[in-house]
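> the following block contains a protein sequence and its predicted model.
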Amino acid sequence: MFDLLRAGAVAWDVVSAGRGDAALLAQRQRQRLAELVRAAQAQSRWYARQLPADAARLPLTALPVQRRGELMRHFDDWVCDPALRLAELRPFVTDPNRMAEPFLGRYTVWESSGTSGEPGYFVQDAASMAVYDALESLRHGGSPWSWPVPLGLGERIAFVGATDGHFATCVSVERLRRRQPWMTANLQAFSILQPVPALVRALNAWRPSIIATYPTAAALLAEQAQSGALRIAPREVWTGGETLEPGVRRHVQQVFGCRMRNSYGASEFLAMGWECDQGAMHLNSDWVILEPVDDDYRPVAPGQRSTRVLLTNLANKVQPLIRYELEDQVVVQPGPCGCGSALPVIHVEGRGDDLLRMEARAGGTVMLLPLALSTVLEEHARVYDFQLRQCDGRTLALRLGGPAASEAKAALQRCRQALQHFAQAQGLVPLELLDETALPMLRGRSGKLRRVLACPGE
Ligand SMILES: [Zn+2]
C-alpha cells in the first residue's frame, strides 16, 4: 500500500515536472540537491569526511569529485545504512539464483563493470526505484518497461543482452517479471552469449513486437534479418548502453521498417534520458545532474564536447553519488527542443565498441558482439581493465591494465581459455590470442579508451 502511494506521488511529480518550465525543473533540482547533501553528511561516514560543513549551501561545483574505485574501497562507510556491507553484498550479487531478490529484504542491487577498472555494486531503496520506474514509464511518450499498470499487454518484448549477471538491465527485467506476473508471458530475455543461429531461432520462435537491446546487437539482428535468417517484424526497437550511430539507426530502421527509440542510462542512474519524438535525447534534469567537464574538471560550455561528466543522483539517498565521475562524453545542446519539453537536450558520444567479424568453421563469417566479449572476459576470466584488438579473422590481441597487468601471465591464460571456449561455441575457427599487455592502450577516434576494436577498414 505504501509502495503504491509513493509510486502515485512520484508519478504525479514526474509527469507535472516533465511538462513544467525550466524554472520549475531548476527549483526541483536545487531542493533535491540540498536534501541529498544533508542526508549524505548525516548518514554516510565517507561524505561526513569529504564534504565541508556548509556543503548544502555551496554551489555543487565547490564539492569534491568522487571516483568509483575510491568509493568502492570505502563502501561500508559510503552507504547510509550500516546494515549494508560489501562483504555480504558481493557474494549475493555473484549468485545467479538471487537475481532481483531484495537484498536485506529491501534493496534492489546490481553490479557493473564500468568501462575501465573496477566492478561497482549499486544499491537502490524503494524510493529511488519508484523514481526510476516513473521516469522510464511516464516521460518521453511512455514505455511499458517498468510501470505497474499493464501498458505492455499485447506486446511481446524481447530483451536481448547479457542475461547471466546481476547487471542493471537484467535485474530490471527480472524484477519486472517478479512484480508483474502477467508480464512473464510478455517479456522474455535472450542471451547475447549464445551462438547467433541459436539467438536467431529463439527470436523467430518468440516473434517479438518490441526488441530492447544494445545498438551493436540491433545492428547484428538487422544483418540477420537482411540475410533472411531472422524473420521477425518488431514495431519498435529500443536501444541503450552504447552510442547509437546514425548509420546503425538508419540501417535498423530500414531493415525492420520500425521506429527506434534510444535511451541513456548507467548503473549509477538507470533512467537518465529517453529520446523525444524529434529524436532528441532529453536529460531528466530534475532527478539527475550531469556536469560536462574537461580533463581538468573544468566546466565545458553548451555545444562543446566534454571528455567526461560528473553525475549527481538526486534519487538515491542510500548510496549517495555526488559529482561522481563517468567517462561518457556529452554535448549539451544550447537552446530548447522543438518538441516543447524544457528538459535539456544532450548528445552522448564515445560509448562505442566495434562488432567483430571473425572466420567461421563452416565458411563465411561470424559476428561477435563487443558486449558479449566483454562479459566473457569479466565473468569467466575476472579481468575488467582490458582492450581486445582484432588482428585478422582468427586472431585477437589483448592488452591488460589494472590489477590484471601485474599477474599478466595468469590473467592472459584465463582470458585465452574463456575466449577460446566462447569462440568454439560461436562456431569460429580456432582463435589465436596474442599478448600485447606491454603496449599502451589504444584510443578511439573520440580520444576515449575503447575495449573492443575491429580491424581497421572494418
Ligand atoms: Zn524534444
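Structure's in. What do you need?
> next one: phi and psi at the closest residue to Asn313 other than its chain neighbours?
Leaving aside its chain neighbours, Asn313 sits nearest to Leu321 (4.2 Å; criterion: Cβ to Cβ, 6 or more residues apart in numbering). C-beta here means a position set from N, CA and C on the backbone, and glycine is covered the same way. Backbone geometry at Leu321, expressed as degrees, to the nearest 10, gives phi -120, psi 110.
> what distance do you get for Leu321 to the ion?
26 Å (Cβ to the ion, to the nearest Å).
> now do Lys317
30 Å.
> swap in Ala130?
On the measure of Cβ to the ion, Ala130 and the ion end up 25 Å apart.
> give me phi/psi at Ala39?
According to degrees, to the nearest 10, Ala39 has phi -60, psi -40.
> check Val37 too.
phi -60, psi -40.
> please name the nearest non-neighbouring residue to it.
Closest to Val37 by Cβ to Cβ, 6+ apart is Ala56, at 4.5 Å.
> mind checking pLDDT for the one you found?
Per-residue pLDDT puts Ala56 at 93.
> contacts for the helix or strand containing Leu373, please.
Taking DSSP states H and E as the definition, one finds Leu373 inside helix 370-381. With contact meaning Cβ atoms under 8 Å, 6 or more residues apart in numbering, helix 370-381 is reached by 113, 119, 161-162, 164-165, 192-193, 214, 216-217, 241-242, 353-356, 383-384, 386, 388, 411, 414-415, 417-419, 421-422, 451-452.
> swap in 6 Å and give it another go.
113, 162, 192-193, 214, 216, 353, 383-384, 386, 388, 414-415, 418, 422, 451-452 (Cβ atoms under 6 Å, 6 or more residues apart in numbering).
> that older thread, tell me the contacts of the residue nearest to Val37?
Ala34, Val37, Arg38.
> in strands only, show me the contacts of helix 370-381.
Phe386, Leu388, Val452 (DSSP state E).
> among those residues, which one lies nearest to the ion?
For the ones in strands among the contacts of helix 370-381, the residue nearest the ion by Cβ to the ion is Val452; the value is 31.8 Å.
> give me the distance between that closest one and Leu373.
6 Å (Cβ to Cβ, to the nearest Å).
> before we move on, the earlier item: can you point out the buried residues in the helix holding Leu373?
For helix 370-381, burial by neighbour count (16 or more other Cβ atoms under 10 Å) applies to Pro370, Leu371, Ala372, Leu373, Ser374, Thr375, Val376, Leu377, Glu378, His380, Ala381.
> swap in stretch 40-52?
Neighbour count says stretch 40-52 has Ala40, Gln41, Gln43, Ser44, Trp46, Tyr47, Gln50, Leu51 buried, by 16+ other Cβ under 10 Å.
> is it correct that the second one is in contact with Pro52?
No: because the distance of 9.3 Å does not satisfy Cβ atoms under 6 Å, Gln41 is recorded as not touching Pro52.
> and for those two, which residues touch both?
Joint contacts of Gln41 and Pro52 (Cβ under 6 Å, 6+ apart) do not exist.
> biggest separation within the buried residues of stretch 40-52, which pair?
The largest separation in the buried residues of stretch 40-52, counting by Cβ to Cβ, is between Gln43 and Gln50 at 13.2 Å.
> so which residues on the stretch 251-400 of the chain come close to the ion?
Within the stretch 251-400 of the chain, the positions lying close to the ion (Cβ under 5 Å from the ion) are Cys276, Gln278, Ala280, Cys337, Cys339, Ser341.
> how does it look with 6 Å?
Selection of the stretch 251-400 of the chain residues close to the ion by Cβ under 6 Å from the ion yields Cys276, Gln278, Ala280, His282, Cys337, Cys339, Ser341.
> excluding sequence neighbours, find me the nearest residue to the second one.
Nearest non-adjacent residue to Gln278, counting by Cβ to Cβ, 6+ apart: Cys339, 4.9 Å away.
> one more: the fourth one?
Nearest residue to His282 in three dimensions, chain neighbours excluded: Leu343, at 4.0 Å (Cβ to Cβ, 6+ apart).
> quickly note the distance from Glu111 to Gln66.
18 Å.
> can I assume Pro344 is in contact with Ser285?
Yes: using Cβ under 6 Å, Pro344 is in contact with Ser285, at 5.4 Å.
> from Arg399, how far off is Leu439?
6 Å.
> my bad, should have said Tyr47
36 Å.
> only alpha carbons, please: show the host helix or strand of Asp77 as CSV.
Using DSSP H and E, Asp77 falls within helix 75-78. Provided in CSV are the C-alpha atoms of helix 75-78 (Å, rounded to 0.1, in the frame of the first residue of the first chain):
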residue,chain,number,x,y,z
PHE,A,75,31.9,1.0,0.5
ASP,A,76,30.8,0.3,4.1
ASP,A,77,31.5,4.0,5.1
TRP,A,78,30.0,5.3,1.9
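> now it: buried residues?
Buried-residue list, helix 75-78, by 16+ other Cβ under 10 Å: Phe75, Trp78.
> and that helix, what does it pack against?
helix 45-50 (3 or more Cβ pairs under 6 Å, 6 or more residues apart in numbering; DSSP states H and E).
> buried set for the helix or strand that comes right after the helix it packs on?
For helix 45-50, the following helix or strand on the C-terminal side (DSSP H and E) is helix 68-73. Residues of helix 68-73 classed as buried: Arg68, Leu71 (neighbour count, 16+ other Cβ under 10 Å).
> please save the CA atoms from helix 68-73 in CSV.
The C-alpha coordinates for helix 68-73 follow below in CSV (Å, rounded to 0.1, in the frame of the first residue of the first chain):
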residue,chain,number,x,y,z
ARG,A,68,34.3,4.6,-8.4
GLY,A,69,37.5,2.9,-7.2
GLU,A,70,37.8,5.0,-4.1
LEU,A,71,34.1,4.8,-3.2
MET,A,72,34.1,1.0,-3.6
ARG,A,73,37.2,0.7,-1.4
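> run through who's touching that helix.
Trp78, Glu118, Gly120.
> over to stretch 163-180?
93, 99-100, 110-111, 146, 159, 161, 183-184, 189, 191, 267, 270.
> what does stretch 272-288 give?
Outside stretch 272-288, the residues touching it (Cβ under 6 Å, 6+ apart) are 17, 25, 28-29, 131, 135, 140, 261-265, 269, 313-315, 337-339, 341, 343-346.
> this completes my enquiry, with thanks.
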